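[1] sequence and predicted structure below; questions after.
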Amino acid sequence: MQFKVVLFISFFLKYLLVIYLKLYIWYRLFDFIITDKLTFKHIKYPQFSTSMKNINSFTGLYPLSKTLRFELKPQGKTLEHIERSGLLNQDEHRAESYIVVKKIIDEYHKSFISKALDGFKLNGLENYILYQPKRDDEEKKNFEGVEVNLRKQIADKFTKHENYKNLFAKELIKVDLKAFVKNETVKKLVEEFDSFTTYFTGFHENRKNMYSAEDKSTAIAFRLINQNLPKFIENMRSFDKIKKSPVKDAFQTILLDNQLGSILQVHEIEDMFQLYYFNETLTQQGIDIYNHLIGGYSSEHEKVKIQGLNEYINAFNQTAKKEDKIPKLKPLFKQILSDRSTASFIPEEYANDNEVLESIEKFYQEINEHVINKNIKGEHSLIQILQNISDYDVHKIYIRNDLNLTDISQKIFGDWAVIQKALNKRYEVEYTGRAKKIF
């Protein structure tokens, strides 16, 4: 018993001693700091720059962005009110109406573009040809100046039009579209956005880019001056060769009323390959007429193909010697927005990531089911056809003569021109006749 008491006292005294020493050390440190007896000048820092001594030097070195997502979940009476008032159903319906109204706005834009450019004549087109080809830096600079001037003329024609100011304002929804739309059902969809015109703010900003004079592919002026005008001038030069060939005999046939005459509305085919005629191709209607001359069109009522110049050229080239062949004409690009009018396969823009993933999955399933692993009696999948291609008559398998042909040549022979050179060689060896007049 006495031993345990002595042991306890010994441990207790040691514990008090430790506490005393700690207090004494803290007291002496505090005393040194207060009396300036302890300074930090004696501490040796690593050999860093002075700025590294400050902790601020370690902050703000790299940009970092964080996306914070929060979800508001209605609770209690709030949830009951939302369900009772049908707010969610209204938003879903408005989202569906938004897609329809966007299409109506695009139709209004197309109508505005056509009206603004109808009958408009560009000044200075002859200067465009003057600096082609561009030989030196000064001529290139002058040529760019001509392009800028022509684009600005088109952009000014839009921005100075009396209806332009409403194109991106609330009045477009509240006034102009209602007067534009004739269908009462569609008009009611437009009226749904009388108090929600800000829905279209982003859409308006996107469409505003069309009327820019800048060197941008989304602008109407760029489409006409930087893309269509070079094609038009190249066609003018090609036509100089065409009108000296036997194809010229087809010009009068093309101008017949039961052919293209009623559409072209010109006295001579040559008129459409004069520089001034480019002014007639500023609108989509003018572009369509010009392209009909080049590629023809399919008659909707009689269901027959009316031939354009390129088909007569193609027929002539099939029997002509290589040095006598004449170039085909190039159709002009469609006007901005009008290039979607016949492209029904182009889907609407995706609203979220899930729609993108669902679309990819659907596409994969359809390709897998109908093409790759087709499992229909009497039909073969793409894999089966390629694996058993030797069983087919290869003389009746045709490959389109376009960029795909050069791709195949490159992948098989390592040279994109092998197949084309072989075709030219065969033509030279096997063709022994003379070009015939086929018109």
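    Structure received.

[2] isn't residue 158 right next to residue 209, touching?
    No: using CB atoms under 8 Å, residue 158 is not in contact with residue 209, being 11.9 Å away. (Glycine included, C-beta is placed from N, CA and C.)

[3] of these two, who's got more company?
    Each of residue 158 and residue 209 has its neighbours counted (other CB atoms under 10 Å); residue 158 has more, 20 against 14.

[4] so who does the more buried one touch?
    If you count contacts by CB atoms under 8 Å, 6 or more residues apart in numbering, residue 158 has them with 112, 113, 116, 164, 211, 220.

[5] find the nearest non-adjacent residue to it, please.
    residue 211 (4.5 Å; CB to CB, 6 or more residues apart in numbering).

[6] can you tell me how far that neighbour is from residue 286?
    For residue 211, the distance to residue 286 (CB to CB, to the nearest Å) stands at 19 Å.

[7] returning to what we had before: show me which of the contacts of residue 158 are buried.
    112, 113, 116, 211, 220 (16 or more other CB atoms under 10 Å).

[8] let me have those in JSON lines, extended by secondary structure, distance to residue 361 and pLDDT.
    Below are the buried ones among the contacts of residue 158 laid out as JSON lines (DSSP: H, G, I helix; E, B strand; the rest coil; distance: CB to CB, whole Å; pLDDT from 0 to 100):
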{"residue": "112", "secondary structure": "helix", "distance to residue 361": "39", "pLDDT": "94"}
{"residue": "113", "secondary structure": "helix", "distance to residue 361": "38", "pLDDT": "95"}
{"residue": "116", "secondary structure": "helix", "distance to residue 361": "44", "pLDDT": "94"}
{"residue": "211", "secondary structure": "helix", "distance to residue 361": "38", "pLDDT": "95"}
{"residue": "220", "secondary structure": "helix", "distance to residue 361": "37", "pLDDT": "95"}
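
[9] from the residues you listed, which is closest to residue 151?
    The closest of the buried ones among the contacts of residue 158 to residue 151 turns out to be residue 220 (CB to CB; 9.2 Å).

[10] measure that closest one to residue 296 for me?
    Applying CB to CB, the value for residue 220 to residue 296 is 27 Å.

[11] kindly report the same for residue 371.
    Distance of residue 371 to residue 296, computed by CB to CB: 32 Å.

[12] more neighbours, those two?
    Neighbour tally, residue 371 and residue 296, criterion other CB under 10 Å: the higher count belongs to residue 296, 19 against 11.

[13] quick one: pLDDT of that one?
    The model reports residue 296 with a pLDDT of 88.

[14] next: residue 383.
    Per-residue pLDDT puts residue 383 at 77.

[15] who's in contact with the nearest residue to it once chain neighbours are set aside?
    Spatially, and ignoring its direct neighbours in sequence, residue 383 is nearest to residue 372 (6.1 Å; CB to CB, 6+ apart). Applying CB under 8 Å, 6+ apart, we find residue 372 in contact with 381, 382, 383.

[16] equivalent analysis for residue 63, please.
    If a contact means CB under 8 Å, 6+ apart, then residue 63 has no contacts.

[17] begin at 813, not 1, for the rest of this chat.
    Noted, 813 is the first residue going forward, which turns the last one into residue 875.

[18] for it, grab phi and psi.
    As for residue 875, its main-chain torsions (degrees, to the nearest 10) stand at phi -70, psi 140.

[19] likewise for residue 912?
    When read as degrees, to the nearest 10, the backbone of residue 912 gives phi -70, psi -40.

[20] who's in contact with it?
    Residue 912 touches 998, 1001, counting by CB under 8 Å, 6+ apart.

[21] do the same with the one 5 residues further on
    Neighbouring residues of residue 917 by CB under 8 Å, 6+ apart: 984, 989, 1012, 1015, 1019.

[22] my guess is the first one contacts residue 920, does it?
    Yes: with contact defined as CB under 8 Å, residue 984 and residue 920 form a contacting pair (7.5 Å).

[23] who has more neighbours, these two?
    The neighbour comparison of residue 984 against residue 920 (other CB under 10 Å) goes to residue 984, with 22 against 19.

[24] how confident was the prediction at residue 840?
    Residue-level confidence at residue 840 comes out at 64, pLDDT.

[25] if we can go back for a sec, turn the buried ones among the contacts of residue 970 into CSV, including distance to residue 1222.
    Conversion of these to CSV gives the following (distance: CB to CB, whole Å):
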residue, distance to residue 1222
924, 46
925, 41
928, 46
1023, 42
1032, 37
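
[26] nearest to residue 834, of those?
    For the buried ones among the contacts of residue 970, the residue nearest residue 834 by CB to CB is residue 1023; the value is 80.1 Å.

[27] residue contacts, that closest one?
    967, 970, 971, 976, 1031, 1032.

[28] give me the nearest residue to the third one, chain neighbours excluded.
    Beyond its immediate neighbours in the sequence, the residue positioned closest to residue 971 (CB to CB, 6+ apart) is residue 1023, lying 6.4 Å away.

[29] can you give me the neighbour number for residue 943?
    Using other CB under 10 Å, residue 943 is surrounded by 18 other residues.

[30] quick one: which helix or strand includes the closest residue to it other than its chain neighbours?
    Leaving aside its chain neighbours, residue 943 sits nearest to residue 955 (3.9 Å; criterion: CB to CB, 6+ apart). In the assignment (DSSP states H and E), residue 955 maps to helix 949-971.

[31] quick check: mean pLDDT across the helix or strand that that helix is followed by?
    Later in the chain than helix 949-971, the nearest helix or strand by DSSP H and E is helix 982-983. Here helix 982-983 scores 90 as its mean pLDDT.

[32] what sits up against helix 982-983?
    Applying CB under 8 Å, 6+ apart, the contact partners of helix 982-983 are residue 1009.

[33] hmm, residue 990 is touching residue 1001, no?
    No: Residue 990 lies out of contact with residue 1001 (CB under 8 Å); the separation is 10.8 Å.

[34] how close does residue 1023 get to residue 929?
    11 Å.
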